[in-house]
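How does the following fold in three dimensions:
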Amino acid sequence: MDERDEAELLEAWQDGETSAGEVLVRRHWSDLLRFFLAATGGDRAASEDLAQETMLTVLRRRDAITSSFRAYCYGVARLKRHEAFRARTKDADHQPADEHGVVLAADEGISEEDRQRCKLAISVLRRLDPDDQLLLVLKDYLGFTQPELAETFKIKQSQVSGRINRARLRFRREFEALEQTPEERDLTMRSLGSALASIVARLPTDVGIAR
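I've put the predicted structure just below:
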């Protein structure tokens, strides 16, 4: 197992070590595929296609990556997601999969309380702008740093905190618009971070690299 960190692998890859690039792809493939599974509502074939297109684009642009491989990868994934969304909205016959079922069937041991919290979080995320959805998932599930988020969204690092705060405020407003008792609302908002993480973390785990 190659234990070099991402910066070392990126430098080696850009210096011509092909195997270093392969290690980077393997490290990030599962999370990238889970991201697209969440974005497409569990469409496995579409998710694998989008993940492969993303990685191929990143591999072709090796020398354009100046800092984080992960951030550059999700910057490309963001654009691929937008392209796929525009294509799907033009397809009147397309019926998206039930993302509630995808997430909730992934872990039969999940408590009913967590199950309902995940379902609520997914419903609210669906109401947000795609970039707000991506920002919250990258921040709260994948633990992206502010420099990585700035690179992913092509904004200044000084703008990242404001973007995060606005996305969370929009989430809160959409969440509070749901019909819930005060007790239910308080329980879910106190566990918002874990609910967001669960959306992606509980997606299928058999996400090996497609060949």
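
For stretch 36-54, buried residues please.
Neighbour counts over stretch 36-54 (16 or more other Cβ atoms under 10 Å) mark 36-44, 46-54 as buried. The C-beta positions use only the backbone N, C-alpha and C, and glycine is treated the same way.

What of stretch 11-25?
Applying 16+ other Cβ under 10 Å to stretch 11-25 flags 12, 13, 20, 21, 23, 24, 25 as buried.

Can you pull the phi/psi pair for residue 165?
phi -60, psi -40 (degrees, to the nearest 10).

OK, contacts around it?
Contacts here follow Cβ atoms under 8 Å, 6 or more residues apart in numbering; on that basis residue 165 touches nothing.

Tell me the predicted confidence for it.
Looking at residue 165, its pLDDT is 94.

likewise residue 59?
If you check residue 59, the pLDDT there is 93.

What of residue 104?
At residue 104, the model reports a pLDDT of 36.

Could you check how far residue 45 is from residue 86?
Computed as Cβ to Cβ, to the nearest Å, the residue 45 to residue 86 distance reads 19 Å.

do the same with residue 36
15 Å.

Likewise for residue 174?
Plainly put, residue 174 is 23 Å away from residue 86 if you go by Cβ to Cβ.

what does residue 51 give?
Distance from residue 51 to residue 86, counting by Cβ to Cβ: 18 Å.

Would you map the helices across the protein?
In the chain, the helices defined using DSSP state H lie at 6-14, 18-39, 44-60, 69-89, 99-104, 112-125, 130-140, 146-153, 160-176, 182-190, 192-201.

Would you single out the least confident of those helices?
Among the helices of the chain, helix 99-104 scores lowest, at a mean of 39.

Mind checking which of residue 174 and residue 86 has more residues around it?
Shown here are residue 174 and residue 86; by other Cβ atoms under 10 Å, residue 174 has more neighbours (16 against 9).

so that one makes contact with residue 126?
No - using Cβ atoms under 8 Å, residue 174 is not in contact with residue 126; the gap is 9.2 Å.

Help me confirm that residue 125 comes into contact with residue 175.
No - with contact defined as Cβ under 8 Å, residue 125 does not count as touching residue 175 (9.8 Å).

With residue 11 as the reference, measure out to residue 169.
The value you get for residue 169 to residue 11, if Cβ to Cβ is used, is 39 Å.

whoops, I mixed them up, residue 21
When Cβ to Cβ is applied, the distance between residue 21 and residue 11 equals 11 Å.

And for residue 136?
In this view, residue 136 and residue 11 are 31 Å apart by Cβ to Cβ.

what's the answer for residue 59, then?
Shown here: residue 59 relative to residue 11, a distance of 16 Å by Cβ to Cβ.

cool, residue 65 as well?
As judged by Cβ to Cβ, residue 65 and residue 11 stand 10 Å apart.

got it, and residue 63?
Relative to residue 11, residue 63 is positioned 12 Å away (Cβ to Cβ).

so how many other residues sit close to the nearest residue to residue 146 once chain neighbours are set aside?
Nearest residue to residue 146 in three dimensions, chain neighbours excluded: residue 160, at 4.5 Å (Cβ to Cβ, 6 or more residues apart in numbering). Neighbours of residue 160 under the rule other Cβ under 10 Å: 21.

From residue 150, how far off is residue 160?
Taken as Cβ to Cβ, the span from residue 160 to residue 150 is 5 Å.
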